[in-house]
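*Asks:* Dropping the sequence and predicted coords here.
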Amino acid sequence: MLDRTPLTDSHVLDRANRNNPLSNLTGLYDLALLERLSKTFSAYAKLVEVYSHRNLSFKSDILKAFAGMFAVLEEHFDSATLHGLPAVVISHALLWSPAARLPRRGGQLPSFSSTFTTLDSEFPTWSWIGWDGPVEYRLFENSNGRIVLPTTSVATYYNASNDPITEPIQEPKRDLEPIQPRASKGDQQDIPSESTDGNDNKNEPQDKRVPAKIIPDSVRGSTWFVGAAKTPDKRQDSHIEIKLLRFTARTVALPAFSVAVEKEYLSSQSQVHIRSSQAVRRILDRNGKHCGLWWEQAGYGYVGLGMSPGSEAKIDLLEISRYGPAYRPRDGPYLVEGPISIFDKDEFPSVGPESGLINILAVDLDMGLPDGIGERCTVAVIHSAAWEAAKPLEKVVRMV
């Protein structure tokens with residue numbers, strides 16, 4: 001050890017550059033648009049994963065901590081950032097996933113005895129900066145260490161002033177599986193629709209809530225104490241005007257599917273042989289067939305447990321983007337034991353023209369906000385055949 005060549009400044013810089021995703025953003029302007037966006041978004045995703053793990057002295061300083069990185073990324077994206085998300089790739093940036101049980105920024109993790117706390121309402125729920133803790137971008141496919149961007153399903157996003165946030169990017173046509181015609185209202189899944197005018201909907205299921213359940217966790221050899229959904233009173237949010245995100249998306253209400261009880265814990269991104277605290281649960285179609293994955297999120301442990309059916313009916317699943325046909329079977333996110341299946345390959349095509357995947361953003365409309373405005377709760381991925389069978393309808397979405 002004593003005869004090793006001492007490290008020089010250049011050695012230290014080279015090592016730092018290898019660990020800095022921004023160091024890979026060289027020669028981008030010679031690349032085609034989509035390749036440049038894919039490479040830049042991959043760097044952005046890695047930086048978000050690193051910075052969201054940091055414990056800030058002042059939680060509200062999250063944007064300040066990321067400011068220098070934003071300046072570099074905005075140059076390469078040729079786009080401004082909106083509450084921490086690059087506007088030009090906002091459909092992709094919205095699909096971050098929790099890497100642990102996350103409380104809202106300024107809040108605390110829900111418990112059976114906890115009440116609603118005063119959150120830092122300056123930050124929107126649809127951005128990772130609105131939550132306190134580590135996040136990842138695990139819904140995306142990877143090739144050679146770089147994210148493969150899916151085809152966006154949302155044409156344009158708007159702010160509270162109805163100004164478009166970014167112009168849609170024209171992507172080359174891909175061979176996607178055929179999309180079934182849009183369902184009419186009479187053909188939509190037989191589920192109750194949410195009321196947005198403050199009146200009770202007579203068709204809405206009676207919410208016979210079970211106060212709490214004890215759920216065994218076979219992986220951890222412990223139990224979870226899960227409380228029923230807690231619906232906040234009608235509330236006003238003085239920051240709605242700066243946080244509102246509006247767009248039209250193909251939508252299915254959550255009760256068109258079911259979410260399995262058993263949790264499966266993902267491995268750590270950096271150390272695949274270490275089990276993380278983040279779990280996924282399997283999504284089942286109406287025939288009980290495994291058709292997707294649901295990312296567990298603190299505060300929504302009641303989903304799939306039959307505790308709060310009325311609250312589940314007010315969760316919408318939104319199609320944000322999709323992957324087209326696969327020409328070899330896709331791996332799901334990794335557990336310590338290996339990749340988890342995204343769907344049952346004996347029931348749904350894993351290759352060929354009908355083997356697509358839908359990237360989902362789940363929005364909770366039961367948050368006490370006016371005008372049907374919802375808040376993000378989690379993300380999911382669903383096989384395209386199961387998604388189309390649920391007969392999605394286009395719907396205007398408002399989120400803060």
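*Replies:* Cool, the structure landed. Residues are numbered from 1 along each chain as shown.

*Asks:* Could I get the average pLDDT for stretch 243-259?
*Replies:* Summarised as a single mean, pLDDT over stretch 243-259 is 97.

*Asks:* Now do that stretch: distance to the chain's middle.
*Replies:* Counting by CA atoms, centre = their mean, to the nearest Å, stretch 243-259 is centred 12 Å from the centre of its parent chain.

*Asks:* cool, and stretch 355-365?
*Replies:* Per CA atoms, centre = their mean, the centroid offset for stretch 355-365 relative to its chain is 8 Å.

*Asks:* So Ala362 is in contact with Glu375, correct?
*Replies:* No - counting by CB atoms under 8 Å, Ala362 does not reach Glu375; the two are 10.2 Å apart. In short, each C-beta sits where N, CA and C put it, glycine included.

*Asks:* and the end-to-end length of stretch 263-279?
*Replies:* 6 Å (CA to CA, to the nearest Å).

*Asks:* Please point out which parts of that stretch sit buried.
*Replies:* 263-267, 269, 275-276, 278-279 (16 or more other CB atoms under 10 Å).

*Asks:* cool, and stretch 347-358?
*Replies:* 348-350, 355-358.

*Asks:* Tell me who's in contact with Asp344.
*Replies:* For Asp344, the contacting residues are 289-291, by CB atoms under 8 Å, 6 or more residues apart in numbering.

*Asks:* again, only this time at 10 Å
*Replies:* Asp344 sits next to 282, 284-285, 289-291, 350, 383, 386 when contact means CB atoms under 10 Å, 6 or more residues apart in numbering.

*Asks:* just Thr251 next, same as before
*Replies:* For Thr251, the contact set (CB under 10 Å, 6+ apart) comprises 188, 316-319, 360, 363, 390, 392-397.

*Asks:* what about Glu141, neighbour count?
*Replies:* Neighbours of Glu141 under the rule other CB atoms under 10 Å: 14.

*Asks:* typed the wrong thing, it's Glu262
*Replies:* 13.

*Asks:* Give me the nearest residue to Arg398, chain neighbours excluded.
*Replies:* Ile373 (4.6 Å; CB to CB, 6 or more residues apart in numbering).

*Asks:* ok, the one you found to Glu241 distance?
*Replies:* 12 Å (CB to CB, to the nearest Å).

*Asks:* okay, those two: which has more neighbours?
*Replies:* The neighbour count for Ile373 versus Glu241, taken as other CB under 10 Å, is higher for Ile373 (21 against 11).

*Asks:* Does that one touch Gln236 like I think?
*Replies:* No - shown here, Ile373 and Gln236 do not form a contact pair, counting by CB atoms under 10 Å, at 11.2 Å.

*Asks:* where along the stretch 1-150 of the chain do the strands fall?
*Replies:* 81-82, 85-86, 97-98, 135-136, 141-143, 146-148 (DSSP state E, counting those that start in this stretch).

*Asks:* ok, the first one: who's next to it in the sheet?
*Replies:* Same thing as strand 81-82. strand 85-86 (antiparallel) (DSSP bridges).

*Asks:* contacting residues around the strand it pairs with?
*Replies:* Here strand 85-86 makes contact (CB under 10 Å, 6+ apart) with 37, 40-41, 44, 48, 70, 73-74, 76-80, 91-94, 96, 124, 126-129, 157, 165-166, 245.
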